[in-house]
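> A structural model of the following input is requested.
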Amino acid sequence: MKLFGTPRSRGFALLAASVALAVSACTPPTSSPAAPSASGNSSDSSTAAPSSPASASSSSQAPDTSASAGPVPGATATVGALVPGFPEQLIPVMPKTSVRSSSFDKNVSPATVALVGTVKAPPESVVDYYKTSLEAQGFKVVPGPEAVGNVTSIDFIRGDGETVNVSVRQKEGVSTFTIGANVAAGSVK
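Residues are numbered from 1 along each chain as shown. You can find the predicted model right below:
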């Protein structure tokens with residue numbers, strides 16, 4: 001199978017897709033005009049301020065219901081915890097990690113899994129933990145630079161197209177890491 005782009009660009013594409021999945025699964029549907037506002041109030045949505053420039057420009061247009069009207073069954077995401085059914089055997093949570101968000105979608109092929117966490121450890125410790133875990137599952141490190149600016153990033157591949165990216169950034173002794181995986185549906189049990 002011929003792969004396009006550099007391993008690093010594929011890793012960032014995987015990371016971007018995982019974050020987009022997590023955000024889209026957490027975003028309430030826009031097709032209901034009486035939907036509660038972001039603050040949880042069920043006041044008239046016509047008086048609520050738009051949350052972003054993109055929503056401000058689209059608020060004057062009719063909602064596009066041809067796209068997803070909400071999360072797809074089997075695609076889950078949450079903030080501040082692991083989603084129920086998160087595949088911890090595939091992507092274990094590093095000890096002493098505070099989970100910031102997690103998501104997975106087992107209805108697509110390949111299945112997607114994402115985890116964002118923080119831990120008081122250097123980036124090298126985070127990379128070593130996940131490198132050990134992923135290599136034990138048959139993933140191989142994709143050769144290439146491990147630093148992109150001030151972000152440590154490492155890509156893994158298994159078989160014919162299963163990929164994982166681990167990216168870590170440290171600030172004030174706390175490492176924030178993002179893991180994005182595209183794997184066979186059987187790996188997300």
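> lowest-pLDDT helix or strand in the protein?
One helix or strand of the chain scores below all others by mean pLDDT, DSSP states H and E: helix 53-58, with a mean of 38.
> ok, residue 85 touching residue 105?
No - in this structure residue 85 lies outside contact range of residue 105 using C-beta atoms under 8 Å: 11.2 Å. Quick note: C-beta positions are derived from backbone N, CA and C, even for glycine.
> need the residues touching each of the two.
By C-beta atoms under 8 Å, 6 or more residues apart in numbering, residue 85 and residue 105 have these common neighbours: residue 76.
> out of the two, which sits in the busier spot?
Neighbour count, other C-beta atoms under 10 Å: between residue 85 and residue 105, residue 105 has more, with 23 against 12.
> hmm, back to that, whatever helix or strand comes next after the least confident helix or strand of the chain: partners in the sheet, and parallel or antiparallel?
Per DSSP states H and E, the first helix or strand lying C-terminal to helix 53-58 is strand 75-79. Strand pairing for strand 75-79, determined by DSSP bridges: strand 98-105 (antiparallel).
> do you have the helices of the chain handy? List them.
7-26, 53-58, 123-136 (DSSP state H).
> comparing these, which yields the minimum mean pLDDT?
Lowest mean pLDDT of the helices of the chain: helix 53-58, a mean of 38.
> what about residue 159, distance to residue 186?
Distance, residue 159 to residue 186, using C-beta to C-beta, to the nearest Å: 11 Å.
> looking at these two, which has the bigger crowd around it?
residue 159 (12 against 8).
> please give me every residue in contact with that one.
Contacts of residue 159 by C-beta under 8 Å, 6+ apart are 138, 184.
> ok, now residue 140?
Applying C-beta under 8 Å, 6+ apart, the residues near residue 140 are 156-158.
> using TSV, lay out those together with distance to residue 92.
As requested, the contacts of residue 140 are arranged in TSV below (distance: C-beta to C-beta, whole Å):
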residue	distance to residue 92
156	14
157	19
158	16
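> in strands, which of the residues you listed fall?
Among the contacts of residue 140, the members falling in strands (DSSP state E) are 156-158.
> just give me the closest of these to residue 179.
Set against residue 179, the nearest of the ones in strands among the contacts of residue 140 by C-beta to C-beta is residue 156 (10.0 Å).
> burial of residue 172, as a residue count?
Residues near residue 172, counting by other C-beta under 10 Å, number 5.
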